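A.B. asks: Below: sequence and its predicted model.
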Amino acid sequence: MPKRARCPHCDRLFDRDALDRHIMRCREKDRRAERTSVKSSRSTLIMDGNNIAFYLSGDGVPRLQNLVLAHRSLREVGYRPTIVVSAALKHKVDKPEALRELLAGGAVVEAQRGTNDDLLIIKLAKQKNADIVSNDRFLDWIERYPWVPDRIRRYRMTPSGLILL
């Protein structure tokens with residue numbers, strides 16, 4: 001069995017004899033992306049609600065306040081955010097009633113029970129030509145949707161809201 005190693009750019013596994021060629025392609029792709037644009041010009045954002053709710057949750061309980069702050073801070077700077085959460089989040093979040101109100105008001109979209117919320121995020125991003133706000137790398141979906149890594153926008157939460165990196 002040949003030895004396998006991961007690409008430091010995209011984290012995909014390759015046989016060692018194919019890894020060098022792949023790394024060269026990833027480096028060139030990174031250089032082209034840097035030359036064309038440092039930031040995306042898309043104003044529509046699909047937010048990974050589960051990822052944001054669990055951000056810096058020391059006790060493992062997702063926080064609704066993270067979602068509210070993130071949505072508010074992005075709207076204030078001119079983005080059109082849509083938050084996508086899994087069906088299970090409303091049972092785990094610290095304020096389930098407030099999340100149900102957001103769902104009823106249309107500020108948050110819930111993936112159907114038994115479906116993958118990551119897939120809904122990807123499909124909405126493609127449909128709306130939007131970027132994805134998440135610290136997840138969506139490694140399970142890269143083979144099927146190779147454009148996803150180019151659309152992911154990393155973030156950091158602060159007491160005043162979400163900051164895109």
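C.D. replies: That came through fine.

A.B. asks: gap between residue 17 and residue 4?
C.D. replies: In this view, residue 17 and residue 4 are 10 Å apart by C-beta to C-beta, to the nearest Å. The way it works is simple: take the backbone N, C-alpha and C, and place the C-beta from them, glycine included.

A.B. asks: Which parts of the chain belong to which domain?
C.D. replies: Following automatic domain parsing, one finds the domains of the chain at 4-36, 44-164.

A.B. asks: Span of the last one from start to end?
C.D. replies: According to C-alpha to C-alpha, to the nearest Å, domain 44-164 extends 13 Å from its N-terminal end residue to its C-terminal end residue.

A.B. asks: ok, now which ones touch residue 87?
C.D. replies: 110, 111, 112, 113, 114, 115, 117 (C-beta atoms under 8 Å, 6 or more residues apart in numbering).

A.B. asks: tell me the phi and psi of it?
C.D. replies: phi -70, psi -30 (degrees, to the nearest 10).

A.B. asks: Give me the spatial nearest neighbour of it, chain neighbours excluded.
C.D. replies: Using C-beta to C-beta, 6 or more residues apart in numbering and skipping residues adjacent in sequence, the residue nearest residue 87 is residue 113, 4.2 Å away.

A.B. asks: give me the number of residues near the one you found?
C.D. replies: Applying other C-beta atoms under 10 Å, we find 8 other residues in the vicinity of residue 113.

A.B. asks: How about residue 67?
C.D. replies: Residue 67: 28 neighbours (other C-beta under 10 Å).

A.B. asks: if I look at the residue nearest in space to the middle of the chain, how far off is residue 141?
C.D. replies: Nearest to the mean C-alpha position of the chain, counting by C-alpha atoms, centre = their mean, stands residue 134 at 2.6 Å. Distance of residue 134 to residue 141, given as C-beta to C-beta: 12 Å.

A.B. asks: what's the answer for residue 54, then?
C.D. replies: 19 Å.

A.B. asks: Let me know the next secondary structure element after the worst-scoring helix or strand of the chain on mean pLDDT.
C.D. replies: Scoring the helices and strands of the chain by mean pLDDT, DSSP states H and E places helix 16-36 at the bottom, with a mean of 73. Next along the chain after helix 16-36, taking DSSP states H and E as the criterion, comes strand 44-48.

A.B. asks: So what's the gap between that next one and the chain middle?
C.D. replies: Computed by C-alpha atoms, centre = their mean, to the nearest Å, the chain-centroid distance of strand 44-48 equals 7 Å.
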